[in-house]
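J.: Provided below are the primary sequence and the corresponding predicted coordinates.
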Amino acid sequence: MENLFAITGKGYVIVAADTTSARSIVKMKVDEDKIKVLSPHLLMAYSGEPGDTIQFSEYVERNIRLFQIRNTYPLGPSAAASWIRRSLAESLRSRKPYAVNLLLGGYDTNKHEPHLFWVDYLGTMTEVPFAAHGYGSYFVLSLLDRYHNPEASLEEGLATLKRCIAEVTKRVVVSPGQYKVKVVDKDGAREIEI
Amino acid sequence: MSIMEYNGGSVIAMVGKDCVAIASDLRLGNQALGISSNFQKIFPVTDRIYVGLPGLATDVTTLRERFRYRVNMYTIKEEREIEPETFAHLVSSTLYEHRFGPYFIEPVMAGLSKTPSGGLKPFIAATDLIGCLNFAKDFVVAGTASSKLYGVAEGLWEPGLEPEDLFETISQTILNAVDRDAYSGWGCIVHVITKDKVVSRTLKGRMD
């Protein structure tokens, strides 16, 4: 089953997603990247119906890029999140809705603060200090209630993330083995090895 | 599994003496799993009107954006602010437009309307998800804790409450009702609207 986690800290957002691509009981792929870099300071992790995730994430990626080309500056995290949410909400009441869940992590370069948005396939959106999607969320959210610190440094944040991954690996019946981790802060988005 | 109870959340509005109050909880959940403890369901429409939108969270955001758009268009066309009665009918018709594929929201409105003599009169109203208006003289409730809110409000509310007393009444009502509902809670917010100001206070509640 697919898991997405994200944590905010002092001036950064860490976004993590497992790398398995499964169909029924079969693992089809173990190195899938489910985190897209939408703009220099914006990350989007996605999970859900296999075809929809690719279609929708690429649609979002190209539209965010189009905005940047037209206006010379990129959309801020909350503006981008609002646009993406609306796309999902409009899709929900269409003939074939996208079944895609998202975590949007961004760094506001004007106000110098990190933002994290939890978005589901219905178009529900809320800003949160930490978030998760999938079966892992039942374990990780309570773990983060105890250990999340909004003032934590990147090293401390990554240590907390490792605890989350360890917990899920230990307790969830069908848990994925590997995770891809990306960070966004004042220097932009980048991948981190854990 | 009802779609109206998928995300949880409740709203209540009460009438006082030359004032109104509207309050909601702050929980956003996925059934029993709590996602956020700071999900706003009450939004300002004008300086003197607030609307609460309990129900399916995606429609909370969608309707909020829709109402903002329609109220802005009204303000531009009419060159004046919308009155609470008019806004209530705007809400009602917006919902009824989607009669056979509704937004899963039961809006609650609170505001002060202008009287012909130049004074202000408290106004509260609520609708169901297809826009059937309910004007009440005392209080209106909606959301997953609505049945509990009715019980507590029935016991605590009395006519002619001053703003401070109204704040106490609505706060105790929502805090106690919400503690008996698993899908509502995680803190509350209260807005008391009087003729010259709006006082908004966030309340601490049980986090279980």
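T.: Good, I have the coordinates.

J.: only C-alpha atoms from now on, for both contacts and neighbour counts.
T.: OK.

J.: give me the number of residues near the residue of chain B found nearest chain A?
T.: Nearest residue of chain B to chain A: residue B:58, at 4.2 Å (C-alpha to the nearest C-alpha). Using other C-alpha atoms under 10 Å in any protein chain shown, the number of residues around residue B:58 comes to 25.

J.: ok, which residues in chain B are in contact with chain A?
T.: B:33, B:35, B:36, B:39, B:57, B:58, B:59, B:61, B:62 (C-alpha under 8 Å from any C-alpha of the partner chain).

J.: give me the phi and psi angles of the second one.
T.: Spelled out, that is residue B:35. phi -110, psi -50 (degrees, to the nearest 10).

J.: hey, where'd the strands end up in chain B?
T.: B:10-16, B:19-25, B:28-30, B:33-36, B:42-44, B:49-52, B:108-114, B:120-127, B:133-135, B:139-143, B:188-193, B:198-203 (DSSP state E).

J.: can you tell me the closest non-neighbouring residue to the most centrally placed residue in chain B?
T.: Central residue of chain B (C-alpha atoms, centre = their mean): residue B:52, 2.9 Å from the mean position. Leaving aside its chain neighbours, residue B:52 sits nearest to residue B:42 (4.1 Å; criterion: C-alpha to C-alpha, 6 or more residues apart in numbering or on different chains).

J.: same check, this time on residue A:41
T.: Going by C-alpha to C-alpha, 6+ apart, residue A:41 has residue A:188 as its nearest residue, at 4.8 Å.

J.: dump the strands of chain B into JSON lines; add mean pLDDT as well.
T.: Shown next, in JSON lines, are the strands of chain B (pLDDT from 0 to 100):
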{"stretch": "strand B:10-16", "mean pLDDT": "98"}
{"stretch": "strand B:19-25", "mean pLDDT": "98"}
{"stretch": "strand B:28-30", "mean pLDDT": "97"}
{"stretch": "strand B:33-36", "mean pLDDT": "98"}
{"stretch": "strand B:42-44", "mean pLDDT": "98"}
{"stretch": "strand B:49-52", "mean pLDDT": "98"}
{"stretch": "strand B:108-114", "mean pLDDT": "98"}
{"stretch": "strand B:120-127", "mean pLDDT": "98"}
{"stretch": "strand B:133-135", "mean pLDDT": "97"}
{"stretch": "strand B:139-143", "mean pLDDT": "98"}
{"stretch": "strand B:188-193", "mean pLDDT": "98"}
{"stretch": "strand B:198-203", "mean pLDDT": "98"}
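
J.: out of these, nearest to residue A:183?
T.: Minimum separation from residue A:183 across those (C-alpha to C-alpha) falls at strand B:33-36, 21.9 Å.

J.: one step back: check contacts around the residue nearest to the centre of chain B.
T.: Residue B:52 makes contact with B:11, B:22, B:23, B:24, B:41, B:42, B:43, B:107, B:108, B:109, according to C-alpha atoms under 8 Å, 6 or more residues apart in numbering or on different chains.

J.: tell me the bridge partners for the third one.
T.: When bridges are called by DSSP bridges, residue B:23 pairs up with residue B:12, residue B:190.

J.: show me where chain A has its strands.
T.: Under DSSP E, chain A gives strands at A:4-9, A:12-18, A:21-23, A:26-29, A:35-39, A:42-48, A:100-108, A:113-119, A:125-127, A:130-133, A:179-185, A:188-192.

J.: need those in JSON lines (columns: mean pLDDT and mean neighbour count).
T.: Formatted as JSON lines, the strands of chain A follow (pLDDT from 0 to 100; neighbours: other C-alpha atoms under 10 Å in any protein chain shown):
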{"stretch": "strand A:4-9", "mean pLDDT": "98", "mean neighbour count": "26"}
{"stretch": "strand A:12-18", "mean pLDDT": "98", "mean neighbour count": "28"}
{"stretch": "strand A:21-23", "mean pLDDT": "92", "mean neighbour count": "15"}
{"stretch": "strand A:26-29", "mean pLDDT": "93", "mean neighbour count": "11"}
{"stretch": "strand A:35-39", "mean pLDDT": "98", "mean neighbour count": "21"}
{"stretch": "strand A:42-48", "mean pLDDT": "98", "mean neighbour count": "26"}
{"stretch": "strand A:100-108", "mean pLDDT": "98", "mean neighbour count": "27"}
{"stretch": "strand A:113-119", "mean pLDDT": "98", "mean neighbour count": "25"}
{"stretch": "strand A:125-127", "mean pLDDT": "98", "mean neighbour count": "24"}
{"stretch": "strand A:130-133", "mean pLDDT": "98", "mean neighbour count": "26"}
{"stretch": "strand A:179-185", "mean pLDDT": "98", "mean neighbour count": "23"}
{"stretch": "strand A:188-192", "mean pLDDT": "97", "mean neighbour count": "17"}
